[in-house]
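# got a sequence here, can you model it:
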Amino acid sequence: MPRPRCRIEPYQPSHNFLPVMKRFHIAVFLTGVFLAPDCLSAQYPGWQQRADYSMHVHLDTASHRVQGRTELVYYNQSPDSLDQLFFHLFFNAFQPGSMMDVRSRTIEDPDPRVGERIFMLPESEWGWSHVSHMTIQGKPVQPIHDETILQVPLSQPIAPGKKVTISFDWEAQVPRQIRRSGWRNAEGIEYSMTQWFPKICVYDHMGWHSNPYVGREFHGDFGNYDVTIELPKGWKMGATGVQQPTKSPTEGIFRWKAENVIDFAWAADPDYVHVSQQAGKTVLHFYHQPHAVHDAAWEALPAHTARAMDFLSKLIGPYPYPSYSVIQGGDGGMEYPMATLVTGHRNLRSLVGVTVHELAHSWFQALLATNETLYPYMDEGFTSYATELCMAHLFANGGNVPPHQPAYSGYVQLVNNGKEEPLSTHADHYMTNGAYGTASYSKGELMLAQLAGIIGTEARDAGLQRYFREWAFKHPGPQDFMRCMEKESGLELDWYLQYWVNTTHAIDYAVSGIVERPNGVDVTLVRLGNMPMPLDVLVEFENGTQQRFHIPLVMMRGHRPLIAGETLLPDWPWTHPEYQFSIPTHIGVHGPVVRVEIDPDRLIMDIQRSNNQLEFQEGVLRSIQRPIH
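Numbers count the residues shown, from 1 in each chain. As a prediction, this is how the structure comes out:
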């Protein structure tokens, strides 16, 4: 029967055959490094909700319909009484006239994977999701369907510190694969099941986060999942979690358990080839369709992924889950706890690259689990940073482009085209896809990379590990990240967070003058951009000898560790656009100064490097322009 495109009234499923599953209790797991969050421990903001799901679903592959039964144990660990609940109904976005459809058709630079495809879907390929027979503690409630959000008013509020059992039936039609989810993707994978079930929205110290689904980032509560999925006989599937033994393993019944995760995703196809490989204490799983051209890349992928798991665990912190699955499906690459869906028709480097990126999300999206709708750069950007380093490690001879150079080039291009928006912009509300992508991925990556020039490489690396060690499983925010960097460096960094995240102020410094005196040289530097930074300056003498100087900012209240032979200069107040210092040249020892260069190691993201150097030869100043490294 036709489904309305916008406001959806409560719907009775055509079948109510699924038994109510017994509530499943799993003790929160411990690892050698992490203790799963406790409502009384120090967290961001000191408490967080919890949601444990037991689900039994049946997929009818002829009609692309899912019949589901969910029992959700929801823990209100907040100090507030909750008089309503909200759930995501993601599949309702895949109808003409939905917010995702209209946004895609009206934004200046639509995602080519979407464009007008939702608008052009025949009704038989729409997606929809409907909830019925909902009870809370056995008492019926009447949910209100509002496109991709389900609102549940409560006559009896859920008091602080209480838990409730929420039970409901639901039915969904899986949409034709367009964005992440759906049936029959471009490579022929039958089902990519992501953002597929009614999922409770996050409630935290900011209130409810009931964001309509328009296609970007996600957020979720930690919890345990016990999911049984019925598929046709002979089908294969990969999923979040660890597959459990079933009484009829050949009958198409699969059961998966995952502990302390923020989401559950899966994909299924009758032709999947499944291989596994051990990576430390983690079992890696790989699912793909056989393909004459791409099988060799998939055969080589497990070894590269195991090396990547080892590298990322050392860079950030130990991966605590017992498994991780790389599954062919979706529309590119998309991360989920303990699993990712990637398109698989790629050469080896491309396949490894997308896998490494999605794997790196395991730390930032799945374990730290920042609210990436509000702070997408803390997931996408930090993941891109780790990806670049990991790929350079895996493919040491893969090219001469240094890590973070593509991100820098993309960032400068965004600044120059005038479409940059602050990193603090909500992921869904960027005015262009280009601004969102470059800010969240590239500028977010540079935020971590640039810290090496501010606090030093060792403190930056230690700060990243401390951040993960202290904040895994706790939904940290920007201040929590920056405080870890401050604690490792001993420096004040609130200014960096303010400028780099909350503004679009750019960095642009120049060497404006070199003046010879009888016993030395006076050097003048100017700040042309609106963002202040500590500076490294290299001075080269006529005989080829070089001397390095470091200029901290007053508001840092200190400076990064100096390198051997480096000279510390007085602090530069951010209010002063100009800075001068003098260099005794000791004629006859080194000879005259012939060149002065700002940021010789390319550690700060100066948007105009052509003015970073001056030559001084025979009384004439010459600016130097050379390729960016």
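# Ser413: which element?
Not quite, residue 413 is Gln, not Ser. Using DSSP states H and E, Gln413 maps to helix 405-417.
# so which elements touch that helix?
Packing partners of helix 405-417 (3 or more Cβ pairs under 8 Å, 6 or more residues apart in numbering; DSSP states H and E): helix 444-455. To be clear about C-beta, it is placed using only N, CA and C from the backbone, and glycine gets the same treatment.
# circling back to that earlier point, got the buried residues for the helix holding Gln413?
Ala407, Tyr408, Gly410, Tyr411, Val412, Leu414, Val415 (16 or more other Cβ atoms under 10 Å).
# pLDDT score assigned to the fifth one?
Read it as Val412. We have a pLDDT of 98 for Val412.
# distance of it from Gly418?
Between Val412 and Gly418 the distance is 12 Å, computed by Cβ to Cβ, to the nearest Å.
# Arg346: what's it in contact with?
Listed by Cβ atoms under 8 Å, 6 or more residues apart in numbering, the contact set of Arg346 reads His294, Ala297, Val354.
# buried subset of the residues you listed, written for PyMOL?
Of these, the buried ones go into a single PyMOL selection, burial set by 16+ other Cβ under 10 Å:
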select buried, resi 294+297+354
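# could you dump the contacts of Arg346 to TSV with distance to Ile327 and pLDDT?
Shown next, in TSV, are the contacts of Arg346 (distance: Cβ to Cβ, whole Å; pLDDT from 0 to 100):
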residue	distance to Ile327	pLDDT
His294	15	98
Ala297	15	98
Val354	12	98
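# out of the contacts of Arg346, which is nearest to Met99?
Val354 (27.9 Å; Cβ to Cβ).
# what residue, apart from its backbone neighbours, is nearest that closest one spatially?
Nearest residue to Val354 in three dimensions, chain neighbours excluded: Gly333, at 4.1 Å (Cβ to Cβ, 6 or more residues apart in numbering).
# what's the neighbour count on that neighbour?
If you count neighbours by other Cβ atoms under 10 Å, Gly333 ends up with 19.
# what bridges to it?
For Gly333, the beta-bridge assignment (DSSP bridges) gives partners Val342.
# isn't it right next to His357, touching?
Yes - here Gly333 lies in contact with His357, judged by Cβ atoms under 8 Å, at a distance of 6.2 Å.
# look up phi and psi at Gln498.
Note on Gln498: its backbone torsions stand at phi -60, psi -50 [degrees, to the nearest 10].
# pLDDT at it, what is it?
pLDDT, Gln498: 98.
# could you measure from it over to Ala452?
Using Cβ to Cβ, we find Gln498 at a distance of 20 Å from Ala452.
# same check, this time on Ile136
Relative to Ala452, Ile136 is positioned 51 Å away (Cβ to Cβ).
# got the domain boundaries for the chain?
Domain ranges of the chain: 1-21+48-221, 405-502, 509-623, per automatic domain parsing.
# from the chain's centre, how far out does the longest one sit?
From the chain centre to the centre of domain 1-21+48-221 is a distance of 22 Å (Cα atoms, centre = their mean, to the nearest Å).
# do the last one as well
Chain-centre distance of domain 509-623: 37 Å, with Cα atoms, centre = their mean.
# all strands of the stretch 101-250 of the chain, in order?
When assigned using DSSP state E, counting those that start in this stretch, the strands of the stretch 101-250 of the chain occupy the ranges 128-136, 139-140, 144-146, 149-158, 163-173, 182-183, 191-193, 199-200, 202-204, 207-209, 223-230, 236-239, 242-244.
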